[in-house]
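# Return atomic coordinates for the entry below.
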Amino acid sequence: MQRSTLLFIGACVFVFFVRAYFIILPAAVMKCPRLGDDSLFYLSKGYGFFTRYGEGSPLRASFKNLLETTQTKNEASLRQRWRISNQITGTLNPMYDLLTGLVLKIGLPVQWSFAVMELCCALLMTVGIAYFLSGLFGVAAAGLASVSLGFAILPNQGLHYFIPSTFTLSLALIGFGYLLRPRTKLGDGILVASSFYFGGLHLISRAYLGLAIAILWLVSETPRRRKIGLTVTFLASAWLWWFLPKHTLFFSPPLASDLGGIAGADSIIENFHVASVMLAATLRKNLWLLLGLLLLLQPREIPRKTRLTTVLFTSLLLVSLFHVLPRYPAETFSRLLVLIVILGSGLMGSYVVDRVQSSRLRWPLAVLVTGALGLSMGHWNRTLYSNMNERQSVLDAEALKKTLKSLPSHSSLLYAETEIALRFAMAYGASQFAGLPYPMLAGSDDLSAHFKKASADYTVVPNFEHLNVIDALGIATAQRRRHGFPAQWVQTLELSGVLPAHPLLYIENANAEVEILVQGQRLERVVVPAGFEGWMALSDLGSNPKSLVITLPKTGLWVSGLRSESQARDIRWPWSTPLRVRAKGYPEFAFELVYDFSLAGILKHHGAQELIPFEADSKVLSDGSGLVFWTRK
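Just a heads-up that it's a prediction; the model follows:
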């Protein structure tokens, strides 16, 4: 095996591990899937594949009834209707949902279920990029380009999101790479069979099928008969996935799906503006691309296949500026920009390899490329941690399944928030219950009438996001995320409001024995044994205590629960009476986080304060899943 081939294989293995690290580290430390609400959307659709996307379910029936009986002109409410409709009804990615649904059946924690799907996509992406580029530029240039693309952070989904659109892109690159090579009977058979699966992965597959036809006729050197046969196959796949959603209930698209169309003048101008911003951001965050552009200004011979492929990719990118997708300017452009970046990386790699082999500038050039890649790696690393800090939900699928199982089969749920609560619940079977998504009705004049008519039995809302203190503070650390207060950063907890007479703290102390100071009507020293984890009772606070200050030792200790003695043991936080908790940091890391533990407080936090009058005398059922459930009386 030649040295260049070994280096190519080594580069591909390295890049896959880079992408795997980008996926596995968040899965290991986060308590929600890496992409937060987006992940939950894909997981819920995976569950939906094996339940006909809730067709005939109580949730879908109640939602359709709500659409038919309510009207609004409020822009925010209309957008919520659009988003919730896409969540509850139908699908646009049925073949990806199939894979996701199969992974969910394994029964992994929610973050690992999504990580498995991402790893499959990362593997396909690594193979697809390398296979495509090696067909145009050779293995040495493809290896160098693959390494640079492993750290690329591009606009929107780019190459650092491992979701249906990039899964589809990865398979498309494998197909393009095959079309650029000499044919094989086995390869043609696999290509024909997979094209019908490919068309159902994502809507962008239609653009890639069109591009494949163009490559087949304009770039590929193959017999005319084969060109006709594969063209018919690709067109048939595109037609099939246009026909099925319109005529087959199982593959029906969401009620609110809008695939866009030809842009008007205003939309074209907006697309061009947003596209220019994307291009500038792409070059700023990936300096090796700017270096590649400078290198390409040097005169050199570019092979015919490369020239024609570049023209095709660039033409499709420009055409995308005339496509409008409501609410998402230049969205199609951002998806297709990835192809140009991949091709440009291959051109850069080809130039560098040629120069390194024949030029005295090999060492300065190597230093420049390494430096540019180093800067991109720094941005890649910041993106890794900023993504974790932005996705602050802490979710437990087993606790959620336990809660849903405990509900009577005829129950109806009021979702005070839908981006996390509705999607997470749907991923684990909540379609069996009728549902009322509050954001669809927010601000309506007949809110009270709808609630009386719907008569929801339980209200569901996510816990406070900033109860995940590490992410709320934006700390770049690989510590496991959880709800609670880390003594490493939180110095004091100040409690005020209606304090329980016999408070309990849930303590996790993996270190040596420490003391907690509790200042109420008197000072108390609470000794926490080494390795202790569990509920720890504080002394009787006496009658009508006004406030309490808990000072934590600066160690690895966590306070991950606070409740009264009268609350159920599986409820972690003090929802029964209004209690305000202020978490304050050390002087060198000053901050203050405030939590109003009450049903009114959590509703206000999620912008659902309209619901407060309807929640009088309610009782919390559970909060261990990351969602707070309470019974409505």
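
# Please name the spatially closest residue to residue 455 (chain neighbours excluded).
Using C-beta to C-beta, 6 or more residues apart in numbering and skipping residues adjacent in sequence, the residue nearest residue 455 is residue 412, 6.5 Å away. In this view, the C-beta of every residue, glycine as well, is placed from N, C-alpha and C.

# Quick check, that neighbour in contact with residue 432.
No - contact between residue 412 and residue 432 fails when scored by C-beta atoms under 8 Å: they sit 11.1 Å apart.

# Please work out how many residues are found near the residue nearest to residue 455.
If you count neighbours by other C-beta atoms under 10 Å, residue 412 ends up with 19.

# what sits against it?
58, 62, 433, 434, 435, 436, 454, 455, 456, 457, 458 (C-beta atoms under 8 Å, 6 or more residues apart in numbering).

# Now tell me which of those the prediction trusts least.
The lowest pLDDT within the contacts of residue 412 belongs to residue 454, with 62.

# ok, back up a step: report the set of residues contacting both of residue 412 and residue 432.
Common neighbours of residue 412 and residue 432 (C-beta under 8 Å, 6+ apart) are residue 58.

# before we move on, back to that, inside strands: which ones of the contacts of residue 412?
Judged by DSSP state E, the contacts of residue 412 include 434, 435, 436, 458 as members of strands.

# From residue 44, how far off is residue 101?
Counting by C-beta to C-beta, to the nearest Å, the separation of residue 101 from residue 44 is 10 Å.

# ditto for residue 431
9 Å.

# ok, back up a step: among the ones in strands among the contacts of residue 412, who's most crowded?
residue 435 leads the ones in strands among the contacts of residue 412 on contacts (other C-beta under 10 Å) with 28 neighbours.

# Just the pLDDT at the closest residue to it other than its chain neighbours, thanks.
With sequence-adjacent residues excluded and distances taken as C-beta to C-beta, 6+ apart, residue 435 is closest to residue 59, at 4.5 Å. The model reports residue 59 with a pLDDT of 90.

# Check residue 360 too.
65.

# For the helix or strand encompassing residue 350, buried residues please.
Taking DSSP states H and E as the criterion, residue 350 maps to helix 331-358. By 16 or more other C-beta atoms under 10 Å, the buried positions in helix 331-358 come out as 331-353, 355-356.

# Could you do stretch 523-536 as well?
Buried residues in stretch 523-536, counted by 16+ other C-beta under 10 Å: 526, 528, 532, 536.

# Stretch 371-389 now?
So for stretch 371-389, counting by 16+ other C-beta under 10 Å, buried means 372, 373, 376, 379, 380, 383, 384, 385, 387, 388, 389.

# who's more crowded, residue 101 and residue 44?
The residue with more neighbours, out of residue 101 and residue 44, is residue 44; 26 against 17, by other C-beta under 10 Å.

# wait, isn't the more buried one in contact with residue 426?
Yes - Residue 44 lies in contact with residue 426 (C-beta under 8 Å); the separation is 3.9 Å.

# Common neighbours of the two, please.
The contact sets of residue 44 and residue 426 overlap at residue 87 (C-beta under 8 Å, 6+ apart).

# in the stretch 201-350 of the chain, what spans have low per-residue confidence?
246-251, 253, 255-261, 263, 291-300 (pLDDT under 70).

# could you pull out the helices for it?
205-218, 224-247, 265-285, 287-296, 304-320, 331-358 (DSSP state H, counting those that start in this stretch).

# who wins for proximity to residue 13 among those helices?
Between residue 13 and the helices of the stretch 201-350 of the chain, the shortest separation by C-beta to C-beta is 17.2 Å, and it involves helix 331-358.

# Can you work out which other helices and strands pack against the closest one?
Secondary-structure packing of helix 331-358 (3 or more C-beta pairs under 8 Å, 6 or more residues apart in numbering; DSSP states H and E): helix 110-137, helix 139-150, helix 164-179, helix 265-285, helix 287-296, helix 304-320, helix 362-390.

# how far out from the middle of the chain is that helix?
27 Å (C-alpha atoms, centre = their mean, to the nearest Å).

# Need the contact partners of stretch 390-400.
Contacts of stretch 390-400 (C-beta under 8 Å, 6+ apart): 30-37, 109-111, 420, 424-425, 427-428, 462-463, 465-468, 471-472, 481-483, 622, 624-627.

# do the same with stretch 463-471
Contacts for stretch 463-471 (C-beta under 8 Å, 6+ apart): 31, 388-394, 472, 477, 479, 481-486, 489-490, 573, 583, 593, 595, 602, 605, 623, 626-628.

# just the buried members of the residues you listed?
31, 388-389, 391-394, 472, 477, 481-486, 489-490, 573, 583, 593, 595, 602, 605, 623, 626-628.

# Just the ones of those in helices?
The helices, defined by DSSP state H, take in 388, 389, 472, 602, 605 from the buried ones among the contacts of stretch 463-471.

# Mind picking the two most distant members of those?
The widest separation within these (C-beta to C-beta) is 23.5 Å, between 388 and 602.

# tell me the SS of residue 409?
coil (DSSP: H, G, I helix; E, B strand; the rest coil).

# how close does it get to residue 62?
According to C-beta to C-beta, residue 409 stands 14 Å off from residue 62.

# Those two - which one has more neighbours?
residue 62 (19 against 7).

# need the contact list for the more buried one.
412, 434, 435, 436, 454.

# from the chain's centre, how far out does stretch 231-248 sit?
That offset, for stretch 231-248, works out to 29 Å (C-alpha atoms, centre = their mean).

# low pLDDT regions in the stretch 401-550 of the chain?
For the stretch 401-550 of the chain, residues meeting the criterion pLDDT under 70 lie at 443-454, 540-544.

# Do you have the strands of it handy? List them.
412-415, 434-437, 458-462, 485-486, 490-497, 503-508, 514-519, 523-528, 533-537, 547-551 (DSSP state E, counting those that start in this stretch).

# Same list, those, but as JSON lines with distance to residue 166 please.
Output for the strands of the stretch 401-550 of the chain, formatted as JSON lines (distance: least, C-beta to C-beta, whole Å):
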{"stretch": "strand 412-415", "distance to residue 166": "29"}
{"stretch": "strand 434-437", "distance to residue 166": "29"}
{"stretch": "strand 458-462", "distance to residue 166": "27"}
{"stretch": "strand 485-486", "distance to residue 166": "34"}
{"stretch": "strand 490-497", "distance to residue 166": "38"}
{"stretch": "strand 503-508", "distance to residue 166": "37"}
{"stretch": "strand 514-519", "distance to residue 166": "46"}
{"stretch": "strand 523-528", "distance to residue 166": "46"}
{"stretch": "strand 533-537", "distance to residue 166": "40"}
{"stretch": "strand 547-551", "distance to residue 166": "46"}
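
# Fine by me, thanks again.
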